[in-house]
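1. this one's structure only:
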């Protein structure tokens, strides 16, 4: 029972701590063909005000547990109804 309660609170806090550490790191700009080691996506952020291709940031953990921030271009979600 104690383990279950601990897990319920510890796991979300660990995710928040990983995201906070990644926020301190400067994002690496993605280029075509770049080798990525993505074990877990923590968050994806992108401005959503217009239909266009715009920079987005993905915060992820690699297979060793290190957190990285990747900046790349993607079409915004405002274009999804077209």
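-> Okay, I see it. From a predicted model like this one, the values you see are computed outputs, not experimental measurements.
2. And the closest residue to residue 57 other than its chain neighbours, how close does it get to residue 58?
-> Distance criterion C-beta to C-beta, 6 or more residues apart in numbering; nearest residue to residue 57, sequence neighbours excluded, is residue 45 at 4.8 Å. For every residue, glycine as well, the C-beta is placed using N, CA and C. To residue 58, residue 45 is 8 Å away according to C-beta to C-beta, to the nearest Å.
3. between those two, who's got more neighbours?
-> Neighbours were counted for residue 45 and for residue 58 using other C-beta atoms under 10 Å; residue 58 has more, 21 against 12.
4. Can you check the pLDDT for the more buried one?
-> Predicted confidence (pLDDT) for residue 58: 97.
5. same thing with residue 81?
-> 63.
6. count of residues packed around residue 54?
-> Residues near residue 54, counting by other C-beta under 10 Å: 15.
7. ok, now residue 59?
-> 21.
8. do the same with the one 3 residues further on
-> Residues within reach of residue 62, counting by other C-beta under 10 Å, total 13.
9. and the gap between it and residue 25?
-> Using C-beta to C-beta, residue 62 is found at 13 Å from residue 25.
10. Please, where are all the strands along the chain?
-> Secondary structure of the chain by DSSP state E: the strands cover 28-29, 40-46, 53-61, 67-75.
11. Tell me the strands beside the shortest one, with direction?
-> Next to strand 28-29 in the sheet, as set by DSSP bridges, lie strand 67-75 (parallel).
12. So for the partner strand, what gets flagged as buried?
-> For strand 67-75, the neighbour count (16 or more other C-beta atoms under 10 Å) marks 67-70, 72 as buried.
13. Out of the residues you listed, flag the one nearest to residue 52.
-> Taking C-beta to C-beta as the measure, residue 52 sits nearest to residue 72 out of the buried residues of strand 67-75, at 14.5 Å.
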